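[1] The sequence and its predicted three-dimensional model are supplied below.
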Amino acid sequence: MGQGYGVGFRSLTTEVTDHRPPVEGDIPSWLSGTLIRNGPGLFDVGGERLGHWFDGLAMLRRYAFEDGALSYSNRFLRTDAYADAMDGSVSGQFGTDRTGVGKIASWLRALGPPEITDNANVHVARLDGEHVALTEAPRRIAFDPATLETRGAFGFDDDLGEHVTAAHLVRDPETDAWFGFVTEFGRTPEYHVYRLAPDRRARERVASIAADGPGYIHDCSITTDHVVLVETPLVMPIRRALSPFSEGILDVLDWQPERGTRVLVVDRETGDLVADPALPPVFAFHHVNAYATGDEVVVDLVEFPDPGIVDAMRLDALDGDPPDVDVPDGRPVRYRVDLRSNEVDRSTLHQVGVELPRVAPDVVGREYRYAYAQATDREGANGLVKLDVETGRTREWWEDGVFVEEPIPVRRPGATAEDDGVVVAPALDSRAEETRLLVFDAGTLALLADASLPHAEPFGFHGRFFRDS
């Protein structure tokens with residue numbers, strides 16, 4: 001990520017409904033459905049700047065496609081955190097919280113630690129017929145997929161203990177079941193891996209695994225037979241988390257490289273931990289995909305040598321002119337886990353810098369060939385990269401001053417080829433100070449359609465394409 005991206009960290013206060021932007025080129029007529037994305041939208045509260053990109057108030061973005069036309073809406077989630085912000089205060093976020101005497105006073109008023117934040121600004125999913133906004137705090141918010149209006153808290157009908165939860169839920173394309181995990185603190189911290197049927201609100205515990213640290217784990221992956229977690233040595237010490245002098249989770253995180261990295265492979269049916277090989281210390285936010293072949297599990301993810309990327313996203317560093325930070329690049333890496341020997345072989349898929357990887361939904365957990373990601377290793381822009389994991393070749397799209405966000409592959413109905421379809425991605429044009437929605441051919445990365453939105457969206461995180469929303 002190079003210079004020029006500062007507009008992506010500006011607060012946005014405007015909301016629009018069903019705006020019809022002009023479109024250059026042609027959106028394929030078969031592309032019917034809605035991309036709903038989530039991410040921070042407001043970074044300035046009560047005259048003060050928030051501490052970290054992850055702290056911004058949740059704003060949903062809706063891009064609806066029908067018969068070659070596009071409509072766009074955006075709306076903030078009306079949460080308790082949003083109400084507090086409108087009153088001039090924000091606390092309990094990733095890098096922004098009360099400290100010292102003020103925090104102690106709030107604990108006393110609440111007769112214990114105050115309720116965790118409901119600023120659900122990371123991802124979205126459809127659970128038991130509800131569209132739900134997700135974050136790493138165990139509070140979820142339901143919303144209307146057509147109007148983006150907030151419906152209220154979404155709760156599970158189970159007693160699974162959780163203090164930190166993965167906002168990334170992974171859907172099995174064959175069964176439509178969701179897989180995820182939560183972290184429960186205590187005398188012996190544990191990761192609880194679970195399965196959620198598409199029409200249920202009760203999560204089924206697959207396994208409980210002793211947590212080393214516990215580690216800060218953002219994502220997971222599945223195969224047809226396994227759930228895979230990668231526990232890096234960025235840990236969350238409980239005593240530090242309970243300190244009144246810590247300013248959010250960011251102050252709690254502790255890099256302990258001597259612990260190394262564990263790859264945790266869980267059998268989806270029995271709950272057995274079938275492999276837990278160790279690697280040297282690395283850090284990762286996002287998995288690309290995983291699959292099983294014989295007695296081997298293949299896990300692809302975006303790897304960093306250390307957690308410097310987390311600190312690099314502090315707003316005080318990003319706001320400098322020029323920015324007072326060198327944002328590191330992640331690399332696509334493959335782990336081959338031998339289930340018989342409990343050993344892992346690590347290899348780099350390509351030297352391209354990437355983040356926010358996605359694969360076609362139909363190949364999640366299956367052997368696959370193509371991954372799409374934000375390309376990060378050029379000054380003054382972010383591109384789009386298509387990685388062929390079989391050959392190691394890449395195809396890329398770049399435009400000066402344009403910062404492509406998470407790409408969403410959508411296969412053409414009836415397609416047989418994995419890359420027969422489109423890739424949809426918002427992109428911030430830093431020179432025009434506007435966000436454009438780009439539609440690419442998934443095979444060639446030819447730009448098919450380019451729509452200018454009515455404002456510059458702050459950089460978001462993740463989204464999903466719903467064919468019937």
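    All right, it came through fine. This is a predicted model, so every value here is computed, not measured. Numbering: from 1, shown residues only.

[2] For stretch 51-69, list every residue counted as buried.
    By 16 or more other CB atoms under 10 Å, the buried positions in stretch 51-69 come out as 51-65. (Each C-beta comes from the backbone N, C-alpha and C, glycine too.)

[3] Pretty sure Y194 sits against G180.
    Yes. Y194 is within contact range of G180, at 6.0 Å (criterion: CB atoms under 8 Å).

[4] hey, what's in contact with both of these two?
    Common contacts of Y194 and G180, defined by CB atoms under 8 Å, 6 or more residues apart in numbering, comprise R203.

[5] Quick one: the strands in the stretch 301-450 of the chain, in order.
    Along the stretch 301-450 of the chain, the stretches classed as strands by DSSP state E, counting those that start in this stretch are 331-338, 343-348, 354-358, 370-378, 381-388, 394-397, 402-404, 408-411, 421-429, 434-441, 447-452.

[6] Distance from the chain centre to the last one, please.
    Read that as strand 447-452. Centroid separation for strand 447-452 versus its chain: 24 Å, with CA atoms, centre = their mean, to the nearest Å.

[7] Same question for the third one.
    With CA atoms, centre = their mean as the basis, the distance from the averaged C-alpha position of strand 354-358 to the chain average is 9 Å.

[8] where does the stretch 1-150 of the chain dip in pLDDT?
    Low-confidence segments of the stretch 1-150 of the chain (pLDDT under 70): 1-3, 91-115.

[9] what about the helices in it?
    Using DSSP state H, counting those that start in this stretch, the helices of the stretch 1-150 of the chain run over 80-86, 100-109.

[10] how about the helices of the stretch 151-300 of the chain, start to end?
    Secondary structure of the stretch 151-300 of the chain (DSSP H, counting those that start in this stretch): helices at 238-241, 249-252.

[11] and the ones you listed, which one's lowest on average pLDDT?
    Note on these: lowest mean pLDDT is at helix 238-241, with a mean of 62.

[12] Surely P214 and G186 touch.
    No. Counting by CB under 8 Å, P214 does not reach G186; the two are 9.9 Å apart.

[13] the more surrounded of these two?
    Legend: neighbour count by other CB atoms under 10 Å for P214 and G186, higher for P214 (23 against 11).

[14] mind listing what that one touches?
    V164, T183, F185, P189, E190, Y191, E231, V235, M236.

[15] can you do 7 Å?
    Contact analysis of P214 by CB atoms under 7 Å, 6 or more residues apart in numbering lists T183, P189, V235, M236.

[16] thought the last one was touching D212?
    The one in question is M236. No. The pair M236 / D212 is not scored as a contact, 11.1 Å apart, by CB atoms under 7 Å.

[17] Looking at these two, which one has more neighbours?
    The neighbour comparison of M236 against D212 (other CB under 10 Å) goes to M236, with 21 against 17.

[18] ok, the more buried one to T135 distance?
    To T135, M236 is 16 Å away according to CB to CB, to the nearest Å.

[19] What of R49?
    Noted for R49: a distance of 20 Å to T135, by CB to CB.

[20] neighbour-wise, which of these two wins?
    Using other CB under 10 Å, the more surrounded residue of R49 and T135 is T135, with 26 against 14.

[21] measure the more buried one to N342 for me?
    Separation of T135 from N342 (CB to CB): 34 Å.

[22] Same check on R203?
    For R203, the distance to N342 (CB to CB) stands at 28 Å.

[23] Among these two, which residue is more densely surrounded?
    R203 (23 against 14).

[24] give me every residue that touches the residue lying closest to the more buried one once chain neighbours are set aside.
    Of all residues not flanking R203 in the chain, Y194 sits nearest, at 4.1 Å (CB to CB, 6 or more residues apart in numbering). Contacts for Y194 (CB under 7 Å, 6+ apart) come out as L160, G180, F181, R203, E204, R205, V206.

[25] mind redoing it with 8 Å?
    L160, F179, G180, F181, V182, R203, E204, R205, V206.

[26] Restricted to buried residues, select the residues you listed in ChimeraX.
    One line in ChimeraX is enough to select the buried members of the contacts of Y194, burial here meaning 16+ other CB under 10 Å:
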select :160,179,180,181,182,203,206
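
[27] ok, of the contacts of Y194, which one's closest to V263?
    Among the contacts of Y194, F181 lies closest to V263 (CB to CB), at 14.1 Å.

[28] shouldn't the closest one be in contact with E190?
    No. F181 is beyond contact range of E190, at 9.8 Å (criterion: CB under 8 Å).

[29] and the end-to-end length of stretch 143-153?
    With CA to CA, to the nearest Å as the measure, stretch 143-153 spans 9 Å from end to end.

[30] Residues touching it, excluding its own?
    By CB under 8 Å, 6+ apart, stretch 143-153 touches 17, 34, 36, 60, 62, 73-75, 77-79, 118, 130-133, 139-142, 466, 469.

[31] Now which of those residues would you call buried?
    Buried residues within these, counting neighbours by 16+ other CB under 10 Å: 34, 36, 60, 62, 73-75, 77-79, 118, 130-133, 139-142, 466, 469.

[32] Take those residues and keep only those in strands.
    If you go by DSSP state E, these have 34, 36, 60, 62, 73-75, 130-133, 140-142, 466 in strands.

[33] Just give me the closest of those to A83.
    Nearest to A83 among these: I141, at 12.6 Å, using CB to CB.

[34] I'd assumed G155 was in contact with that closest one.
    No. Applying CB under 8 Å as the test, I141 and G155 come out as separate, 10.7 Å apart.

[35] Sort out which residues of stretch 208-223 are buried, please.
    The neighbour-count check on stretch 208-223 (16+ other CB under 10 Å) flags 208-209, 211-223 as buried.

[36] so which strand or helix has G463?
    Under the criterion of DSSP states H and E, G463 resides in strand 462-466.

[37] what mean pLDDT does that strand have?
    Averaging pLDDT along strand 462-466 yields 98.

[38] need the contact list for V297.
    Neighbouring residues of V297 by CB under 8 Å, 6+ apart: T223, H226, V228, V265, A275, A290, Y291, R336, V337, L339.

[39] and of those residues, the nearest to V402?
    The closest of these, once distances to V402 are taken by CB to CB, is A290, at 31.2 Å.
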